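Visitor: need coordinates for the below:
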Amino acid sequence: MRVNEDMLRAIEKWAADEFRSTNGQIEWMLMQSLKQAKRTPKPQTKEKE
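Guide: Numbering: from 1, shown residues only. I've put the predicted structure just below:
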């Protein structure tokens, strides 16, 4: 994923403030956006072998 340098720095700072990794912060932000748009992914069901 390509992210503008200034945006990435802001995300890194936010992640540190929330005691998350940068990747964890981005995942959290994406999930919040999906929830807001009512587009959260459906849980995957495991098939029996």
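Visitor: please make it C-alpha for all contacts and neighbour counts, starting now.
Guide: OK.
Visitor: does anything pack onto the longest helix along the chain? Which helices or strands?
Guide: Secondary structure of the chain per DSSP state H: the longest helix is helix 22-36. Judged by 3 or more CA pairs under 8 Å, 6 or more residues apart in numbering; DSSP states H and E, helix 22-36 is in contact with helix 5-17.
Visitor: just want the angle from the helix it packs on to helix 22-36.
Guide: Calculated by axes from the mean of the first three to the mean of the last three CA atoms, to 10 degrees, helix 5-17 forms an angle of 90 degrees with helix 22-36.
Visitor: what does helix 5-17 rub up against?
Guide: Helix 5-17 is contacted from outside by 21-22, 24-26, using CA atoms under 8 Å, 6 or more residues apart in numbering.
Visitor: in it, which residues are buried?
Guide: 11-12, 14-15 (16 or more other CA atoms under 10 Å).
Visitor: can you give me the mean pLDDT across it?
Guide: The average pLDDT for helix 5-17 rounds to 98.
Visitor: also stretch 23-40?
Guide: Per-residue scores along stretch 23-40 average to 96.
Visitor: pull out the buried residues from that stretch.
Guide: Those would be 25-26, for stretch 23-40 by 16+ other CA under 10 Å.
Visitor: chain center to that stretch, what's the gap?
Guide: 5 Å (CA atoms, centre = their mean, to the nearest Å).
Visitor: next one: stretch 38-45
Guide: 15 Å.
Visitor: many thanks, I have nothing further to ask.
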